[in-house]
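Trainee: Starting from these lines, generate the structure:
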Amino acid sequence: MEQTFHDLWNEKEQTKKELFGFVLWTFIETAMGIFREHLLLISPGDIMQTVFRTLGSSGGISFLLILPFMIMEVVNRQNFNEDFPFMLFFVMWLNLFAISLILLPIVRGRWRANNEIVNPVATQGNTLLTNPKSAAMISVALFLTPGILPLLDSLGWLSLDRLFNGPNPEVAYLPGMFLSIGLILFPIAAGIIAGGPIVSTLRAGGSLFAHPIHLIIVVVISFLFARGVIGLIVDQWPCFVGVPNCD
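Mentor: All right, here's what the predicted structure looks like:
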């Protein structure tokens, strides 16, 4: 690397090209390479392909699950001249997407273990996110992180109402919406990280209950998201079946 950099430096210097841009781009490219290599250490294999496949599958599954309710909304309320509740279905989709994103890798790991027993996948190395102890600690920390905001609100150091609803609660506050979605990412990440050692063990032919603490974390987080979806369906069921003035 040093020799390559030295040769390129001499080439740029001889052609009297801008050296600052060359140095800046070299550092950026090197930093990106370092980050990519660390990702490969965390999760060996084709990371981007696996990530995009999981995201796509989770998004599609979640959409198919809410599609019947969307059809009921359109068909049963077409005579009421109401706006379509995009936010309601987005929240439903987001909760189902979170559940699928957490559980789908575990289901795939179990399925792969059952179908590839003759050639099991080797257990991953002892990295930060594959080590069961560190993965459990990180997932718990991420799960509890959003609780800092209510704590600060109780101490009077910030106002949650103003933070999420803005100075005028009667007007939609876009930053508050993005903040709400951002906070949801913490428990999603916690569930994915907690499920990492479970997936690794399943792919190596191990038991689903090899990491009980991680399994409890995954079940609790998935249950909370599932409760949110069920609560929305129960609350909005009269609207889905066409009851007038259901709100």
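
Trainee: Could you chop this structure up by domain?
Mentor: With domains defined by automatic domain parsing, the chain comprises 1-42, 51-240.

Trainee: Out of those domains, which is the most enclosed?
Mentor: Neighbour counts averaged per stretch over those are highest for domain 51-240, at a mean of 16; criterion: mean count of other C-beta atoms under 10 Å. To be clear about C-beta, it is placed using only N, CA and C from the backbone, and glycine gets the same treatment.

Trainee: any idea of the mean pLDDT in that domain?
Mentor: Here domain 51-240 scores 85 as its mean pLDDT.

Trainee: Tell me the gap between that domain and the middle of its chain.
Mentor: 7 Å (C-alpha atoms, centre = their mean, to the nearest Å).

Trainee: quick one: the spatially most central residue of the chain from P146, how far?
Mentor: Averaging the C-alpha coordinates of the chain gives a centre point, and the residue nearest to it by C-alpha atoms, centre = their mean is I188 (4.7 Å). With the distance defined as C-beta to C-beta, to the nearest Å, I188 ends up 11 Å from P146.

Trainee: between the domains of the chain, which one is nearest to C246?
Mentor: When these are ranked by proximity to C246, the top entry is domain 51-240, at 3.9 Å, counting by C-beta to C-beta.

Trainee: With distance to C246 as new columns, can the domains of the chain be given to me in a markdown table?
Mentor: A markdown table is the format used below for the domains of the chain (distance: least, C-beta to C-beta, whole Å):
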| stretch | distance to C246 |
| --- | --- |
| domain 1-42 | 47 |
| domain 51-240 | 4 |
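
Trainee: ok so, going back, in space, what's closest to the residue nearest to the centre of the chain - neighbours in sequence excluded?
Mentor: In this structure, I188 finds its nearest non-sequential neighbour in A98, 4.7 Å apart by C-beta to C-beta, 6 or more residues apart in numbering.

Trainee: okay but that neighbour is in contact with A190, surely?
Mentor: No - checked against C-beta atoms under 8 Å, the pair A98 and A190 is beyond contact range at 10.5 Å.

Trainee: Helices of the protein, start to end?
Mentor: According to DSSP state H, the chain carries its helices in the segments 2-14, 19-42, 47-76, 86-115, 132-144, 148-154, 160-165, 174-203, 212-240.

Trainee: Would you agree L88 is in contact with Q236?
Mentor: Yes - contact between L88 and Q236 holds when scored by C-beta under 8 Å: they sit 6.5 Å apart.

Trainee: I'd like the distance between V199 and E29.
Mentor: For V199, the distance to E29 under the criterion C-beta to C-beta works out to 32 Å.

Trainee: A135 now?
Mentor: In this structure, A135 and E29 are separated by 31 Å, where distance is defined by C-beta to C-beta.

Trainee: Same question for L185.
Mentor: Counting by C-beta to C-beta, the gap between L185 and E29 amounts to 28 Å.

Trainee: try Y173
Mentor: For Y173, the distance to E29 equals 39 Å [C-beta to C-beta].

Trainee: correct me, but I184 touches F97?
Mentor: No - with contact taken as C-beta under 8 Å, I184 and F97 are classed as non-touching, separated by 9.7 Å.
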